[in-house]
Every structure is written in C-alpha cells, then in structure tokens.
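Q: Attaching a predicted model along with its sequence, questions to come.
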Amino acid sequence: MLGLFIKDLKLLKAQKKMFMLVGIVTAVVLFNIQDGTEMIGFMAGYMVFVVTMAATSTIGCDEADHGTVFLFTLPVSRKEYVLEKYGLAVAGSAAAVCVVTVLVYLVSVVRGSQLMAEQLFIILIMMPLALILFSLMVPFQLRFGAEKGRMMLLGAYGAVFGGLYILKNFTEKWNVDLSWIGQKIGRYSQGTWTIVAVVAALAVMLVSYFASVRILNKKEID
C-alpha cells in the first residue's frame, strides 16, 4: 500500500502549480482582510476542500489509459486500493489544516493580535466537513467513473439544496418558526460541535469505505 501512496503523491506532484497558486491566493487574502473570522472560514474551507478533493482526482488518473488494470496485476488488493485513497484524503486534509493554521498564526503575529478560538474552530471544522464530502464522492466515482460520478453527485447535491429551498419557502409561507433550532445549537460549545463533526466524519467515512470496497469488488476492470 505504501507504493500506492507514493504513486498518488507523484500524481499530485504534477499539480504542484495549482497547489502553489491556492496557497498564494490564501496567504494574500489572509494578510489583507480586515475582519478576519468569516473570510478565514471561507479561505480555510477553500484550501482544505481543494487539497482533499485532489485525492479523488487520482482515481480518474488511475482509470486513464487502462491504468487500473495494470495496478491490479501488482500485489495490490482492491481493499488496499480503496483504503489508500481514504488515507491520502486524511493526510491531505490534515496537511492543509496545518498550513492554514500556520498562515493564520503568522497573520495574527504581524498584526499583533491573538489567534481567536473562533478562528481555530472554523479551521478545524473544515477537515471533517471536507472528509465527509470526499467520502460521498468516492463511491460515485468508483461506480460511474470520474466524469459521470461528478455529475451524479452534483445531481444529488442539487436535489438536497432544492429540497432545502422548498422547505424554506414552505416555512415562510406557513409562518413556521424554526428559530428554536438555532437556540438549541447555540447551547453547545464549539468543542462539542468539533467532536460531533469528527464522529460524523468517521461514521460517514466508514460506511463509504465499505460501500466503495463492495463497488470495486463487483466492478469489472477494463
């Protein structure tokens, strides 16, 4: 499995210009924003999601030119192949979180301010969220291929957001008060929500992993 990991790192190395651009844009924005909490959340999410989603691009690279057929002629099981993809996503998202945290710390040092708990919460919460999104994408990509998988997932997201939009209009039309939900959410600390997000990410990743292994075991590699 170490060989698979090294292979994927070399594939990601080919995208180093994109990663450098993302890092530069993130640094420039962070050093120039005035009121940082919301923008830090956006930039942290942007960088973590880009790096994490890059792990899914390696699946498409493997499938190109019948590369997956060659991989499975090596002493690599399909279970190990899937496990390595999830390990790559975790490592990539953790690295992105570390880079964003360092950048935000440097910004606070330059400005003579302290790194606020809200900023750290936003940065840390992005990792489990990115991993949940990654976990939703992998089974689609393995089942339908890179392009069709993305389209299917986008369709699923569209259905979810469409349902939420309909629900919002319904509550406004019938004057349904949902403010109690926000009040209940506010009762819990940021640390609690971080733990909840991590547990949720682990649960989704576990289900996604077994689903991906089952899909790949049934898939005819050509």
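A: Nice, thanks for sending it over. Residues are numbered from 1 along each chain as shown.
Q: okay, which residue is most central for the chain?
A: residue 130 (2.1 Å; C-alpha atoms, centre = their mean).
Q: For the nearest residue to that residue once chain neighbours are set aside, pull up the helix or strand it's in.
A: Nearest non-adjacent residue to residue 130, counting by C-beta to C-beta, 6 or more residues apart in numbering: residue 52, 4.0 Å away. Bear in mind the C-beta positions are built from the backbone N, C-alpha and C, glycine included. Taking DSSP states H and E as the criterion, the element that holds residue 52 is helix 36-63.
Q: Give me the next element, helix or strand, following that helix.
A: Counting by DSSP H and E, what follows helix 36-63 is helix 67-71.
Q: can you list contacts of that following helix?
A: Contacts to helix 67-71, defined as C-beta atoms under 8 Å, 6 or more residues apart in numbering, come from residues 4, 61-62, 81, 221-222.
Q: which of those residues has the most neighbours?
A: residue 62 (22 neighbours; other C-beta atoms under 10 Å).
Q: how far away is that residue from residue 28?
A: Noted for residue 62: a distance of 34 Å to residue 28, by C-beta to C-beta, to the nearest Å.
Q: can you check residue 17 too?
A: 16 Å.
Q: Between the two, which has more neighbouring residues?
A: It is residue 28, of residue 17 and residue 28, that has more neighbours when counted by other C-beta under 10 Å, with 11 against 8.
Q: Look at the more buried one and report its pLDDT.
A: As predicted, residue 28 sits at a pLDDT of 76.
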